[in-house]
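Q: Give me a model of this one.
(one chain, ligands or ions: 1)
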Amino acid sequence: MTTLKQSFLQGYVDKENYTVSRQVYVNDEIYRLEQERVFARVWLFIGHESQIQKPGDYFVSRMGEESVIMTRDRQGEIHMHRGMKVCRYDEGNTPVFTCPYHGWSYALNGSLVGVPYYKEAYHSELKKNEWGLVEVAQLCNYKGTIWATWDAKAPTFEEYLGDTKLYYDILVDSRDGSPGGSEAIGGVQKWRTGANWKSAAENACGDGYHNISHRSVDMVGIGPSGGKGRRDDETGGSRRLAISTPEFGHGALTGEQLDDYPWTPAYLNDPEVAEWAEHCYYERQRNLGKLARVLGGVGNIFPNMSYWSRQPRRMVVWHPGGGPQQSEYWSWFLVDKNAPDKVKEMLRHYGLRYSGPAGLTEQDDMENWNYASKASNGVIASRQPYNYQIGKGRFNKNDHLPGHVVEGMSEMNQFGMYSFWAELMDAESWDDLFEKRERREYEEGKA
Ligand SMILES: [Fe+2]
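A: Next up is the predicted model:
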């Protein structure tokens with residue numbers, strides 16, 4: 001029998017007071033339900049197409065707790081199948097996947113092609129076409145980033161991105177503003193922590209209030225600008241913005257330059273790198289016009305894919321890891337495919353020393369998430385919800401930039417993430433979610 005409250009939107013995410021119950025980070029029942037209602041339903045990030053360039057290439061990824069294989073078949077098409085058992089490596093190239101237990105073999109497109117003792121054991125009666133690997137319901141290659149969902153009724157990926165598209169594009173487009181053109185380099189870093197996946201996702205979704213955590217990194221100035229701090233693109237007069245897409249729980253932190261501004265050399269350590277950065281800077285202004293004023297930042301695509309669209313550009317997936325207080329983090333570095341090798345190498349080194357388990361900033365955050373997760377377990381602590389009131393009532397939907405915009409600091413991004421999470425947890429299906437939302441908005445309008 002369930003011990004959960006009847007409504008997540010009322011019982012765990014309080015829209016009157018902008019608070020979230022600590023139960024959402026530690027409760028086993030909630031964790032199991034969110035595998036079904038969140039992870040089996042929404043769009044999830046799988047990997048980058050540059051990881052599987054040749055036919056037969058594969059990369060073993062995850063969707064929630066499910067293991068999936070991303071492959072490229074002989075026709076060059078990308079497929080996504082459920083099935084860790086048939087592939088025990090992280091990545092590689094193969095003509096066929098074979099289950100190590102009974103030896104069933106599957107082609108790159110997932111169809112069952114080999115069954116040992118087909119005549120003797122099955123009398124040739126097994127319907128092989130019914131027993132292929134389970135394929136995802138929808139797959140999308142968005143500018144080289146591969147996304148999938150198990151739910152055929154989910155909105156298309158571009159609908160799902162919604163107003164956050166402009167900010168996500170800064171990650172996946174080239175530095176000169178031309179569309180796409182990125183590649184993942186240096187493999188995928190993976191590590192485990194003792195925090196709920198939502199603690200990490202909400203941080204990248206919009207926490208601009210935790211800078212004290214990174215005080216030591218700011219003081220040593222590890223960015224490519226040397227002593228000027230972490231940013232590589234900050235040039236003074238800008239609006240600091242928190243931008244939320246609460247319809248689907250996404251959030252981004254960015255900035256917008258107020259006027260056209262001249263190139264400010266940020267890459268001081270190598271003339272070739274500086275020349276490339278300056279070239280990209282002016283090309284970007286030429287390609288994007290006023291939109292070039294929107295700076296790179298950080299964001300989260302609901303539920304668990306976070307991205308840093310300024311250097312070092314990266315994507316991290318915060319996988320739920322077998323229980324509410326276990327997560328596994330996977331991190332990719334992105335560079336422009338056509339950048340000079342020297343630039344890629346410099347950015348790879350910058351990424352390593354700045355981000356990830358061996359870098360200088362990531363441990364600051366992870367330590368806090370682990371503390372917060374553990375502290376959510378206590379009886380006394382669990383009576384106190386988490387407070388998300390910064391920016392309350394300051395949404396501006398009529399800004400010239402898309403999304404719900406708050407100037408300065410805001411926790412409306414994080415609260416939007418939790419509100420959408422609660423809507424999903426309360427809904428039987430996508431249709432049910434939209435129907436309930438419409439009814440709620442109608443009733444709120446009447447009140
Ligand atoms: Fe941080």
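
Q: By mean pLDDT, flag the weakest helix or strand of this protein.
A: helix 215-220 (a mean of 79; mean pLDDT, DSSP states H and E).

Q: next one: that helix to chain centre, how far?
A: Helix 215-220 sits 26 Å away from the centroid of its parent chain (C-alpha atoms, centre = their mean, to the nearest Å).

Q: elements contacting that helix?
A: For helix 215-220, there is no helix or strand it packs on, judged by 3 or more C-beta pairs under 8 Å, 6 or more residues apart in numbering; DSSP states H and E. Where C-beta positions appear, they are placed from N, C-alpha and C, glycine not excepted.

Q: Could I get the CA-only coordinates of the helix or strand just after that helix as PDB?
A: Tracing the chain past helix 215-220, the next element assigned as helix or strand by DSSP states H and E is strand 238-245. Output in PDB follows, covering the C-alpha atoms of strand 238-245 (Å, rounded to 0.1, in the frame of the first residue of the first chain):
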ATOM      1  CA  SER A 238      25.300  43.000 -19.300                       C
ATOM      2  CA  ARG A 239      21.900  41.900 -17.900                       C
ATOM      3  CA  ARG A 240      22.200  38.900 -15.800                       C
ATOM      4  CA  LEU A 241      19.200  36.600 -16.600                       C
ATOM      5  CA  ALA A 242      17.500  33.500 -15.200                       C
ATOM      6  CA  ILE A 243      15.300  32.000 -17.900                       C
ATOM      7  CA  SER A 244      12.800  29.400 -17.100                       C
ATOM      8  CA  THR A 245      10.600  27.200 -19.400                       C
END
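
Q: Okay, now the sheet partners of strand 238-245, with direction.
A: strand 250-257 (antiparallel), strand 404-407 (antiparallel) (DSSP bridges).

Q: neighbouring contacts of that strand?
A: For strand 238-245, contacts defined as C-beta atoms under 8 Å, 6 or more residues apart in numbering pick out 162-164, 167, 206, 208, 250-258, 295, 391, 395, 401-410, 412-413, 416.

Q: can the strands paired with strand 238-245 go into TSV with extra columns for mean neighbour count?
A: As requested, the strands paired with strand 238-245 are arranged in TSV below (neighbours: other C-beta atoms under 10 Å):
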stretch	mean neighbour count
strand 250-257	24
strand 404-407	21
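
Q: Now that we have those strands, can you turn them into TSV and tack on distance to H319?
A: Shown next, in TSV, are the strands paired with strand 238-245 (distance: least, C-beta to C-beta, whole Å):
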stretch	distance to H319
strand 250-257	18
strand 404-407	28
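
Q: Using JSON lines, please lay out these together with distance to T3 and mean pLDDT.
A: Listed next are those as JSON lines, based on distance: least, C-beta to C-beta, whole Å; pLDDT from 0 to 100:
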{"stretch": "strand 250-257", "distance to T3": "30", "mean pLDDT": "94"}
{"stretch": "strand 404-407", "distance to T3": "34", "mean pLDDT": "94"}
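
Q: Helices of the stretch 151-300 of the chain, residue ranges please.
A: Shown for the stretch 151-300 of the chain, the helices assigned by DSSP state H, counting those that start in this stretch span residues 157-161, 165-172, 197-206, 215-220, 271-288.

Q: What are the buried residues along the least confident helix or strand of the chain?
A: By 16 or more other C-beta atoms under 10 Å, the buried positions in helix 215-220 come out as V217.

Q: swap in stretch 237-251?
A: With burial defined by 16+ other C-beta under 10 Å, the residues of stretch 237-251 counted as buried are 238-251.

Q: now do stretch 40-57
A: Buried positions in stretch 40-57, judged by neighbour count with 16+ other C-beta under 10 Å: 40-52, 57.

Q: Serialize those to TSV and add fields for pLDDT, secondary structure and distance to W131.
A: As requested, the buried residues of stretch 40-57 are arranged in TSV below (pLDDT from 0 to 100; DSSP: H, G, I helix; E, B strand; the rest coil; distance: C-beta to C-beta, whole Å):
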residue	pLDDT	secondary structure	distance to W131
A40	97	coil	21
R41	98	coil	25
V42	98	coil	28
W43	98	coil	27
L44	98	strand	25
F45	98	strand	28
I46	98	strand	23
G47	98	strand	26
H48	98	strand	30
E49	97	helix	28
S50	98	helix	32
Q51	98	helix	28
I52	97	coil	24
D57	97	strand	24
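
Q: returning to what we had before: want to throw the helices of the stretch 151-300 of the chain into TSV with distance to T149?
A: Below are the helices of the stretch 151-300 of the chain laid out as TSV (distance: least, C-beta to C-beta, whole Å):
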stretch	distance to T149
helix 157-161	8
helix 165-172	17
helix 197-206	17
helix 215-220	36
helix 271-288	30
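
Q: which one of these is the most hemmed in?
A: For the helices of the stretch 151-300 of the chain, average neighbour numbers computed from mean count of other C-beta atoms under 10 Å are highest in helix 197-206, which has a mean of 26.

Q: Comparing the helices of the stretch 151-300 of the chain by mean pLDDT, which bottoms out?
A: The stretch with the lowest average pLDDT out of those is helix 215-220, scoring a mean of 79.
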